[in-house]
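In: Compute the structure for the input listed below.
(one chain, ligands or ions: 2)
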Amino acid sequence: MEVKKFDVFVIGSGIAGQTVATNCAKAGLKVAVADKREFGGTCANRGCDPKKVLLAATEVLESAALMDGKGVNGKLEINWKKLQKFKNNFTEAEPKSTEEKLKDLGITLYHQSPQFLDKNTLEVEGKKVQAKKIVIATGYEPRVLPIKGHKLLRNSDDFLDLKELPKKLVFIGAGYIGMEFAHMAARAGSKVTIIDSGKRALKPFDADLVAELINYSKKMGIEFVFGAQVEKVEKLRKKYKIYFNTKGKNQSLKAGLVFNTAGRVPAVSKLDLEKGEVEHNEYGIVVNSFLQNTTNENVYACGDVSDNELPLTPLSGREGYVVSQNIIHGNTKKLNTPVVPSVVFTLPHLASVGYSEKEAKNRYKNVIVREGNAKKWFNAKRKNYPVYNYKIILNKRTQEIVGAHILSPDAAETINIFAMAINKKMTAGDIKGTIFTYPSWINDVKSMV
Ligand SMILES: Cc1cc2nc3c(=O)[nH]c(=O)nc-3n(C[C@H](O)[C@H](O)[C@H](O)COP(=O)(O)OP(=O)(O)OC[C@H]3O[C@@H](n4cnc5c(N)ncnc54)[C@H](O)[C@@H]3O)c2cc1C
Ligand SMILES: NC(=O)c1ccc[n+]([C@@H]2O[C@H](COP(=O)([O-])OP(=O)(O)OC[C@H]3O[C@@H](n4cnc5c(N)ncnc54)[C@H](O)[C@@H]3O)[C@@H](O)[C@H]2O)c1
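Out: Numbering: from 1, shown residues only. Ligands and ions are numbered 1, 2, ... in the order given. So this is what the prediction gives:
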């Protein structure tokens, strides 16, 4: 079999893989990219971007509903079919434009999962390829739930492409995806239940703010079952039946569709990593600070599938950049990540950056926790918004801001001010001394600190 040779072979065409491939090709290296699905990756095709397009409609709906009788007459409703059509304008263009962008740089494209044959050799589309450097950027994929009937479950890809919203939906998992989609579906008119095996939703986020969000979600009609062991799912004539157990009590629910939103795992099962001598664990490909694999020095990994950092888009792009620099110039660039803000796009948003209250109390001798309910502040009142909470954490000795947690309809934006403040070691005084636009949500950060 003829062997095709490349300088760099990238597996995965998401933000991480694209960043490596384009930088290496621009530096004159001979590059190939393989993807087993449509090119462009999760964020653009079936993640952040299509989700935010759908969310735009529910944002308008919620604002209008809250102002009903206060200068706005009547409630709006979602036309799901038209909204899907609008979203498809974004997603349908993505694979072709990604392929064209890569091909224009002289990059060879493969449309299948490669498999390692040895440390430098892969097999793809029936051909042998060899590369000096192989980059694994395959992202995450939904975790298969080990329950009877798991093949009947839908996942986030299916939700984002739903032609029609069923009247009743169940989500298994109250994490980022379950909560975001539950809010969207409930606002678009579905009856939603979320079942989670844990004691509470959104475990990485501040428990007090999560409790506020859950209260509001319940008022919207979303039902929650925590501490539940899901046992099986079965298909009835038109519906699905899900069986679960809470505190030894057997229960069941019927719904039009049941979604598995119980977490995502590294997408590595098709790569035959053992043959490539690539060390990996439950978090992904094991890498050093140069993002080079610890057992196969020809391999780098970046994005969600590397075993460090949160699986978020901005980090995937940054990791892709670090890998490209280390391939082009030799290992010169370590991954130094500043504090990373994160947001759950429910309405209101729940956003967080830096230390939690508990982490800060463990880390510093004395901390100041400034927390409050801001629903009487002007921004919430002018929009008739019923939920607005914050918790800001300062190191008492230095007055530096070390953590920020916000629940508000603008938290996805406001949190970025705190990300900058923490990275630049700013104090409460620095924030108070800054002039922000008024009236704006960001101006509220002065009162928070
Ligand atoms: C529903 C949803 C919503 C999200 N919302 C947000 C958000 O709002 N903000 C945010 O920051 N993050 C969000 N994320 C996470 C974000 O999408 C990921 O962090 C980001 O896409 C990771 O980029 P990546 O390049 O590492 O991997 P990916 O974008 O997942 O790309 C990996 C690529 O590798 C391909 N691949 C996998 N296995 C193989 C194989 N064996 N062979 C060949 N190709 C393979 C895949 O098909 C894919 O195209 C969301 C994720 C989901 C699922
Ligand atoms: N807005 C964003 O930035 C955004 C949005 C979506 C996804 N993401 C990324 O994708 C990752 C995955 O998101 P996710 O929502 O799939 O996972 P997650 O880890 O956030 O949540 C999974 C939830 O499922 C529950 N669970 C696990 N096993 C269960 C079981 N057997 N039965 C019932 N419940 C079970 C867990 O207790 C948890 O609450 C996130 O960590 C995040 O990094 C980010």
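In: contacting residues for the residue lying closest to Ile136 once chain neighbours are set aside?
Out: Distances taken as CB to CB, 6 or more residues apart in numbering put Ala301 closest to Ile136, at 4.4 Å, once the chain neighbours are dropped. Where you see a C-beta, it was placed from the backbone N, CA and C, and this is true even at glycine. Contacts here follow CB atoms under 8 Å, 6 or more residues apart in numbering; on that basis Ala301 touches Val135, Ile136, Ala137, Gly284, Ile285, Val287, Leu291, Asn293, Asp307, Val323.
In: what's the pLDDT at Val258?
Out: Here, the pLDDT recorded for Val258 equals 98.
In: bridging residues for it?
Out: On the basis of DSSP bridges, Val258 is bridged to Val170.
In: My read is that it contacts His150, right?
Out: No: using CB atoms under 8 Å, Val258 is not in contact with His150, being 10.1 Å away.
In: Which of these two has more residues huddled nearby?
Out: Val258 (26 against 14; other CB atoms under 10 Å).
In: check contacts around that one.
Out: Counted by CB under 8 Å, 6+ apart, Val258 has contacts Leu152, Leu153, Arg154, Leu169, Val170, Phe171, Ile172, Val233, Tyr240, Ile242.
In: Show me the helices in this structure, by range?
Out: 15-26, 41-46, 48-66, 80-91, 94-104, 156-160, 176-187, 207-219, 313-329, 357-363, 378-382, 411-423, 428-432, 444-448 (DSSP state H).
In: Indicate which one of those helices is closest to ligand 2.
Out: Of all the helices of the chain, helix 176-187 sits nearest to ligand 2, with 3.4 Å by CB to the nearest ligand atom.
In: Using PDB, write out every CA atom in the closest one.
Out: C-alpha atoms of helix 176-187 as PDB (Å, rounded to 0.1, in the frame of the first residue of the first chain):
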ATOM      1  CA  TYR A 176     -25.200  22.900  31.200                       C
ATOM      2  CA  ILE A 177     -27.000  21.300  28.300                       C
ATOM      3  CA  GLY A 178     -30.000  19.900  30.200                       C
ATOM      4  CA  MET A 179     -30.700  23.300  31.900                       C
ATOM      5  CA  GLU A 180     -30.200  25.400  28.800                       C
ATOM      6  CA  PHE A 181     -32.400  23.200  26.600                       C
ATOM      7  CA  ALA A 182     -35.000  22.800  29.300                       C
ATOM      8  CA  HIS A 183     -35.400  26.500  29.600                       C
ATOM      9  CA  MET A 184     -35.600  26.800  25.800                       C
ATOM     10  CA  ALA A 185     -38.200  24.000  25.500                       C
ATOM     11  CA  ALA A 186     -40.300  25.300  28.400                       C
ATOM     12  CA  ARG A 187     -40.400  28.800  27.000                       C
END
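In: what's the angle from that helix to helix 80-91?
Out: On the basis of axes from the mean of the first three to the mean of the last three CA atoms, to 10 degrees, helix 176-187 is oriented at 140 degrees to helix 80-91.
In: who's in contact with Ser13?
Out: Ala21, Val33, Asp35, Phe39, Gly40, Gly41, Thr98, Leu102, Ala137.
In: Please repeat the previous calculation with a cut-off of 6 Å.
Out: Val33, Asp35, Phe39, Gly41 (CB atoms under 6 Å, 6 or more residues apart in numbering).
In: So which of those is the closest to ligand 1?
Out: Gly41 (2.8 Å).
In: wait, isn't that closest one in contact with Gly14?
Out: Yes: applying CB atoms under 6 Å, one finds Gly41 in contact with Gly14, separated by 2.4 Å.
In: center of this structure, which residue is that?
Out: By CA atoms, centre = their mean, the chain has its centre lying nearest to Leu312, at 5.1 Å.
In: pLDDT wise, what is it at?
Out: pLDDT, read off for Leu312, is 94.
In: How much space separates it from Leu145?
Out: 23 Å (CB to CB, to the nearest Å).
In: Repeat that for Phe39.
Out: 29 Å.
In: Looking at the two, which one has more neighbours?
Out: The neighbour count for Phe39 versus Leu145, taken as other CB under 10 Å, is higher for Phe39 (25 against 16).
In: pLDDT score for the residue in the chain that ligand 2 sits nearest to?
Out: Distances between the chain and ligand 2 by CB to the nearest ligand atom are smallest at Gly175, namely 1.7 Å. Looking at Gly175, its pLDDT is 98.
In: can you count the residues close to it?
Out: Neighbours around Gly175, by other CB under 10 Å: 20.
In: and the stretch 101-250 of the chain, which residues reach ligand 2?
Out: 145, 172-178, 180, 195-198, 203, 230 (CB under 6 Å from any ligand atom).
In: Looking at these, spot the one nearest ligand 1.
Out: Ile177 (5.0 Å).
In: Neighbours of Asn215, how many?
Out: Residues near Asn215, counting by other CB under 10 Å, number 11.
In: Dump the contacts of Ser13 into TSV; add pLDDT and distance to ligand 1 as well.
Out: Listed next are the contacts of Ser13 as TSV, based on pLDDT from 0 to 100; distance: CB to the nearest ligand atom, whole Å:
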residue	pLDDT	distance to ligand 1
Val33	98	9
Asp35	98	4
Phe39	98	7
Gly41	98	3
